[in-house]
Every structure is written in structure tokens, then in C-alpha cells.
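S.K.: Here is the input, now give the coordinates:
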Amino acid sequence: MGDGEGTTFMQWRERAQSEARENQPRLRALLLTAAVVVVLAIVVGVGILVLF
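M.R.: Just a heads-up that it's a prediction; the model follows:
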């Protein structure tokens, strides 16, 4: 399950990056911001699980 999600995420990220290059820089910034928010949410969630 984890491996499948990993490859799917990698494919999605590559597609998002290639689309961002084709489109305006604003969309690329939006995708980058969304990725950062997701990573922060995961880190915070794991931190909360570890602490409690």
C-alpha cells in the first residue's frame, strides 16, 4: 500500500511540475504552497501522535 502511494505521489508530483512549467508562474507558486502545507500537516500530525 505504501509503495503504491509513493509511486502515485511521485507521478502526480512530476505531472504537477510539468504542468506548472507550461502554465503561468502563479499556478506553480500555488502548487508549491499546497505541497508545503501538506508536508507541514503530515509533520504536525505525526508530532502530535508521537507526543500523545
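S.K.: what helix or strand is Gln11 on?
M.R.: helix 2-22 (DSSP states H and E).
S.K.: do you know how far the spatially most central residue of the chain is from Val50?
M.R.: With the centre of the chain defined as its mean C-alpha position, the nearest residue by CA atoms, centre = their mean is Ala35, 3.5 Å away. Distance, Ala35 to Val50, by CB to CB, to the nearest Å: 23 Å. Backbone N, C-alpha and C define where each C-beta goes, glycine included.
S.K.: One more: Thr33?
M.R.: Counting by CB to CB, the gap from Thr33 to Val50 is 26 Å.
S.K.: quick one: which of the two has more around it?
M.R.: Neighbours per residue, other CB atoms under 10 Å: of Thr33 and Val50, the larger number sits with Thr33, 10 against 7.
S.K.: ok now the helix or strand harbouring the more buried one, how far from the chain's centre?
M.R.: Assessed by DSSP H and E, Thr33 sits inside helix 25-51. Computed by CA atoms, centre = their mean, to the nearest Å, the chain-centroid distance of helix 25-51 equals 7 Å.
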